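> The following block contains a protein sequence and its predicted model.
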Amino acid sequence: MTGLDWAALALFLLCWLFYEPLLGVVSRRSGSLNSDMKVVREVWMRAMAEREIRLVDSQLMGHTINSASFFASANLLLIAAVAGVLFGGETALAGVAGVAAEVRSMPQLEVKLGLVLAALARGLLDFIWSIRQLNYTLALIGAAPEANEAGAAERRSIFAEAAAAALNPAMQAFSQGVRTYYFALAAAAWLFGPLWLGGGALAVLALLIWRQADSPGARAVRVARRLLP
């Protein structure tokens, strides 16, 4: 690989690994969708603990688990497709090399496809961990103290905090899994040259920060969060 390839790869890794610290800096100044949704989910779990009938909460959790399962299944199919090309022999690699604009050798192509595969594999692990934690949260909702139970207000409050502490990491892992799709696209752009990889990484970083900090959805959630107790 050329020096430009190494520089683009380093930039890609910096954007991928330091996205969350950068988002933390941005959120301290103007807030972010992730931090606002963390508060929203905490309020949700407190409201859940005070409800007599928790059918809606269970349905919402079931929908979330189905969404995570869908993304995990799609991720697994993409991994199988990329791995099929990567380990499918010279014929499969030659087919991809014919599409790629800048591939000087088969080992170089394997490295570029390996980066795409690594991004997708990381996403699959995040989705699996998210699904497990969502199931833990669903069990906690089912085990929540009854709302009309006398003298259990403090216990319900502590239980709601525990449920939120299980739900928020689950949704964080889900967000991380979705984020890997963006970076996998940037990694795939490397097939067309190092400038595409570096530009794609910066574009993905800018897009994700904008969606977290200043998109219409982020602004709407921020307004709603300020109205919550």
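Done, it's in.
> looking at this protein, which helix or strand does the model trust least?
Lowest by mean pLDDT, DSSP states H and E among the helices and strands of the chain is helix 90-99, with a mean of 56.
> so after it, what's the next helix or strand?
Going down the chain from helix 90-99, the next helix or strand is helix 106-142, by DSSP states H and E.
> Run the chain-centre distance for whatever helix or strand comes next after that next one.
For helix 106-142, the following helix or strand on the C-terminal side (DSSP H and E) is helix 153-188. Taking CA atoms, centre = their mean, to the nearest Å, one finds helix 153-188 lying 9 Å from the centre of the chain it belongs to.
> now the angle between helix 106-142 and helix 153-188, please.
Helix 153-188 runs at 160 degrees relative to helix 106-142, counting by axes from the mean of the first three to the mean of the last three CA atoms, to 10 degrees.
> helices or strands up against helix 153-188?
Contact analysis of helix 153-188 by 3 or more CB pairs under 8 Å, 6 or more residues apart in numbering; DSSP states H and E lists helix 3-17, helix 33-50, helix 55-86, helix 106-142, helix 194-213 as its packing neighbours. Placement of C-beta: from N, CA and C, glycine included.
> at 10 Å instead, please
Here helix 153-188 touches helix 3-17, helix 19-30, helix 33-50, helix 55-86, helix 106-142, helix 194-213, going by 3 or more CB pairs under 10 Å, 6 or more residues apart in numbering; DSSP states H and E.
> model confidence over the shortest one, on average?
Just to be clear, that refers to helix 19-30. The pLDDT scores in helix 19-30 average 80.
> That helix packs against which elements?
Counting contacts by 3+ CB pairs under 10 Å, 6+ apart, helix 19-30 is packed against helix 33-50, helix 153-188, helix 194-213, helix 216-227.
> again with the third one
Using 3+ CB pairs under 10 Å, 6+ apart as the contact criterion, the secondary-structure elements in contact with helix 33-50 are helix 19-30, helix 55-86, helix 106-142, helix 153-188, helix 194-213, helix 216-227.
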